[in-house]
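>>> predicted model and sequence follow; I will ask about them next.
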Amino acid sequence: MTTTVAPATAPFRFFDVHVVRSQRVSTSVVRITFGGERLAELASGGRDQRFKLFLPQPHQDIPVFHDTGDGWYAAWRAQDPAERAVMRSYTIREQRHEPREFDVDFALHGDGGPASRWAFRARPGDRLSVLAPAVEDNGGVDFRPPHGTDWILLTGDETALPAIAGILSWLSPGTRAKVWIEIGHEDDRQPLPGFADADITWIVRDGAPGARQEPVLDALRAAELPEGTPYAWIAGEAGTVKALRRHLVRERGIDRRAVKFTGYWRRGATEEDLIAELTAGTAQADED
């Protein structure tokens, strides 16, 4: 592995982008392609590369910012909630350099959240802003298996599908991977090209009222896992992610340091709720 020196420029920058096209990939997913004048400066690290997307309020044409410099977060938090841009975290599904574009897959949640509503109605020319990486080796990439890893374990729901696709396309030829993906509809299955030796299990949720919603956990409990040292990457609904991590560490005996887990969303909570909790927790830690 090569050593990377600290970049001379900020690892993340704001980019003004516009919708180039929109494609309904499946019942639950719409793919939006974005373009922009400065996208030559956007340097995705691939894999599960995440970034911040800022949507305008319904009465606005573009997101409104008071500061896009180093103090952007404090300035954004201080804005009137009815005027400040709606912030969400997403994964770069694919980046192209000719033409300079990148794709983002939006899961169309039944709760009709602001990003889901925006994506459903997006049209060419619609404008928004993103805070995205300007260097490939950046903190928005979490999938980093250490030396000595023998095989890869991946689980996620449709919100994690873009990241899983990026990871599988990045893995070296012959890498052994066991993958479980939870989806809402049969047609949400997607081609996942790559060179890894990947065993992919698609699990369609039971949408019946009152149905138990832990299908991936049930499948993983029943699975026979390969021998050797694994590296696990888990993402999706926060409660499910915690249960999966607990199973792998406590019941399977996998080293907790070899389990990367991320709650992309939490049932019954908006990203604004999660940001408020994080901000409150950080403030309390500073006081302590």
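Perfect, thanks for sending it.

>>> ok, Trp233 touching Asp142?
Yes - if you go by C-beta atoms under 8 Å, Trp233 and Asp142 touch, sitting 7.4 Å apart. All C-beta spots, glycine's among them, are computed from the backbone N, C-alpha and C.

>>> what about the strands in the stretch 1-150 of the chain?
12-24, 29-35, 50-55, 86-91, 94-97, 100-107, 127-133 (DSSP state E, counting those that start in this stretch).

>>> buried set for the first one?
Buried residues in strand 12-24, counting neighbours by 16 or more other C-beta atoms under 10 Å, are found at Phe12, Arg13, Phe14, Phe15, Val17, Val19, Val20, Ser22.

>>> and it with strand 100-107, angle?
Orientation of strand 12-24 against strand 100-107 (axes from the mean of the first three to the mean of the last three C-alpha atoms, to 10 degrees) gives an angle of 70 degrees.

>>> got the angle for strand 12-24 vs strand 127-133?
Using the same axes, to 10 degrees: strand 12-24 against strand 127-133 is 120 degrees.

>>> got it, and the fourth one?
Here strand 86-91 points in a direction 50 degrees away from that of strand 127-133 (the same axes, to 10 degrees).

>>> what's the neighbour count on Glu186?
Neighbour count of Glu186, defined by other C-beta atoms under 10 Å: 10.

>>> what sits closest to it if chain neighbours are left out?
Val204 (5.6 Å; C-beta to C-beta, 6 or more residues apart in numbering).

>>> picking up where we left off before, who's more crowded, Trp233 and Asp142?
A count of neighbours by other C-beta under 10 Å puts Trp233 above the other of Trp233 and Asp142, at 26 against 16.

>>> in the stretch 1-150 of the chain, where is pLDDT below threshold?
1-9, 110-112 (pLDDT under 70).

>>> how about 50 then?
Residue ranges of the stretch 1-150 of the chain with pLDDT under 50: 1-8.

>>> about what we covered before: for the buried residues of strand 12-24, which one is nearest Arg245?
Checking these against Arg245 with C-beta to C-beta, the nearest one is Phe12 at 27.2 Å.

>>> quick check, that closest one in contact with Trp72.
No - between Phe12 and Trp72 there is no contact under C-beta under 8 Å: 9.8 Å.

>>> turn the strands of the stretch 1-150 of the chain into CSV, including distance to Thr262.
Shown next, in CSV, are these (distance: least, C-beta to C-beta, whole Å):
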stretch, distance to Thr262
strand 12-24, 18
strand 29-35, 19
strand 50-55, 9
strand 86-91, 10
strand 94-97, 20
strand 100-107, 15
strand 127-133, 17
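
>>> bridged to the residue nearest the centre of the chain, which residues?
What sits nearest the mean C-alpha location of the chain, by C-alpha atoms, centre = their mean, is Thr91, with 4.1 Å. When bridges are called by DSSP bridges, Thr91 pairs up with Arg50.
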